[in-house]
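[1] quick one, what's the 3D model for this:
(chains A and B)
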Protein chains: 2
Amino acid sequence: MGPKKEDYLSHIAFDSVIFGFNGKQLKILVLEYQNTGLFALPGGFVKRNESLKDAVTKGVMERTGIEDLYLEQFHTFGDLDRFDSKAMERILEMNGLDIKAHEWLLDRFISIAYYALINFEEVNPIPDSLADSIEWYSLDELPPLMMDHEEIVQKALETIRENLDKKLLGMNLLPTKFTMKELQNAYEKIMGETFKRTAFQRRMLATKSLVRHEKLFTGGAHRAPYLYSFKIK
Amino acid sequence: MGPKKEDYLSHIAFDSVIFGFNGKQLKILVLEYQNTGLFALPGGFVKRNESLKDAVTKGVMERTGIEDLYLEQFHTFGDLDRFDSKAMERILEMNGLDIKAHEWLLDRFISIAYYALINFEEVNPIPDSLADSIEWYSLDELPPLMMDHEEIVQKALETIRENLDKKLLGMNLLPTKFTMKELQNAYEKIMGETFKRTAFQRRMLATKSLVRHEKLFTGGAHRAPYLYSFKIK
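    Got it, this is the predicted structure:
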């Protein structure tokens, strides 16, 4: 059985852009619906008796296994042309679900979108009942996504690129103490550009958001890089 | 007749926080429902055949008379406890509308919130059919707002306070060329704090977002303040 009309708020969906970063590569979690060739962001619907936030947290938890993931709402998508009943019909059909009984899913939906940023090496994604796979895809090797999901990914990228230093701090994406090289690599992968080492270092130090720590004494200490941490404001 | 169920997407509403600033004071547009003592942000519902954005733009245009107002979506509110059927029942009753025929309005709604920033001296607000007044209220003299509308105002304030220099530029809230005093006044009213003149000037110049222009020759030019404009990035 698919989701029942009487249990959910009609016309309201959510989608999640789960960015994964392991210190080197930036990826996104994408699922593929059974026998349809349709790729989509992990999403879901809101039960009548649960808050929007609880619905999203639960939906993402079920696919990632992470209980307390910090999800940030970034935009609500409400265009008329995001509505694609054909795709949903095909998904129901390929899952052997009765179209008549799930007609409410073919109607127009407005989608509230959230993002999260996690280390993909710590997650084993789990497909939901309608999907047969869920995988990490590199940003530059994404399959074509259904409906307006590519637009949702673009908007999520724009959002995390704003005030990235605050977000890297909030999202625990770097170790507590990190080298300038590690920080530069995170910036480059997320911003999608490369920076010159000296210019990057100058720019970061000018933000005054970093604390520089003593070098560890390692014998070969003159070659050890400085470690930094973010200032807690 | 109130809004008909079959014309609208159920469970979806919008609210708008219209900030007004005339160079000196910061106000918010608030409406009062007829004979209820209930104060609310201007809001509305989304028709089945219109985009979310068109619905909001039209709703705000009808209350402000401004055709091409730039509205920025900032958050979607979906908590369980924002749902208050009693208040909506009273509004329908005091407007002589049949409660049975408008039962869909008593159900749970998720609200997508937008803000705009305009000069309140250029706007004559117009109440909608359910409200008997719509007025500009100073931020520190707001009446108690219904449901979660005070939380919506707080979130809107937090949002405009982030990257305020970019927003002042985008929203045409200052004349093209302005004095440092005018800029400081806008900042103080919107941030809700006062700044020292010299520290404010130093901080603004450090952002490198301002261009300084020549003083106008006025005879008493030695006393004329410099004029600035925002750099277009």
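
[2] close to chain B: what parts of chain A are there?
    A:9-12, A:46, A:48-53, A:73, A:75-80, A:108, A:110, A:112, A:162-163 (C-beta under 8 Å from any C-beta of the partner chain). For glycine as for every other residue, the C-beta is placed from the backbone atoms N, C-alpha and C.

[3] next secondary structure after the lengthiest strand in chain A?
    If you go by DSSP state E, chain A has its longest strand at strand A:8-21. As assigned by DSSP states H and E, the chain's next helix or strand after strand A:8-21 is strand A:26-33.

[4] show the average pLDDT along that next one.
    For strand A:26-33, the mean per-residue pLDDT is 93.

[5] now stretch A:101-110
    Here the average pLDDT along stretch A:101-110 is 94.

[6] how about it: buried residues?
    A:102, A:105-106, A:108-110 (16 or more other C-beta atoms under 10 Å in any protein chain shown).

[7] give me the subset of those residues that lies in strands.
    Per DSSP E, the subset of the buried residues of stretch A:101-110 in strands is residue A:110.

[8] that older thread, partner strands of the longest strand of chain A, parallel or antiparallel?
    Neighbouring strands of strand A:8-21 in its sheet, by DSSP bridges, are strand A:26-33 (antiparallel), strand A:43-47 (antiparallel), strand A:110-118 (parallel).

[9] just the CA trace of it, in PDB.
    The C-alpha trace of strand A:8-21 is given here as PDB (Å, rounded to 0.1, in the frame of the first residue of the first chain):
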ATOM      1  CA  TYR A   8      -1.700  13.300   4.700                       C
ATOM      2  CA  LEU A   9      -2.100  17.000   3.900                       C
ATOM      3  CA  SER A  10      -3.000  17.200   0.300                       C
ATOM      4  CA  HIS A  11      -0.900  19.400  -2.100                       C
ATOM      5  CA  ILE A  12       2.100  19.500   0.200                       C
ATOM      6  CA  ALA A  13       5.400  17.700  -0.400                       C
ATOM      7  CA  PHE A  14       8.900  18.100   0.700                       C
ATOM      8  CA  ASP A  15      12.200  17.400  -1.000                       C
ATOM      9  CA  SER A  16      15.700  17.100   0.500                       C
ATOM     10  CA  VAL A  17      19.100  17.900  -1.000                       C
ATOM     11  CA  ILE A  18      21.500  15.800   1.000                       C
ATOM     12  CA  PHE A  19      25.100  17.000   0.200                       C
ATOM     13  CA  GLY A  20      27.800  14.600   1.100                       C
ATOM     14  CA  PHE A  21      31.400  15.700   1.500                       C
END
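
[10] name the helices or strands packed onto the worst-scoring helix or strand of chain A on mean pLDDT?
    Every helix and strand of chain A was ranked by mean pLDDT, DSSP states H and E. The lowest is helix A:164-170, at a mean of 74. Judged by 3 or more C-beta pairs under 8 Å, 6 or more residues apart in numbering or on different chains; DSSP states H and E, helix A:164-170 is in contact with helix A:180-191, strand A:227-230.

[11] can I get these in TSV with mean neighbour count and mean pLDDT?
    Output for the helices and strands packed on helix A:164-170, formatted as TSV (neighbours: other C-beta atoms under 10 Å in any protein chain shown; pLDDT from 0 to 100):
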stretch	mean neighbour count	mean pLDDT
helix A:180-191	18	90
strand A:227-230	18	89
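
[12] most tightly packed of the strands paired with strand A:8-21?
    Of all these, strand A:110-118 has the most neighbours on average by mean count of other C-beta atoms under 10 Å in any protein chain shown, namely a mean of 24.

[13] where does chain A have low pLDDT?
    A:169-172, A:216-222, A:233 (pLDDT under 70).

[14] about what we covered before: how distant is the longest strand of chain A from the center of its chain?
    Distance of strand A:8-21 from the chain centroid (C-alpha atoms, centre = their mean, to the nearest Å) equals 10 Å.
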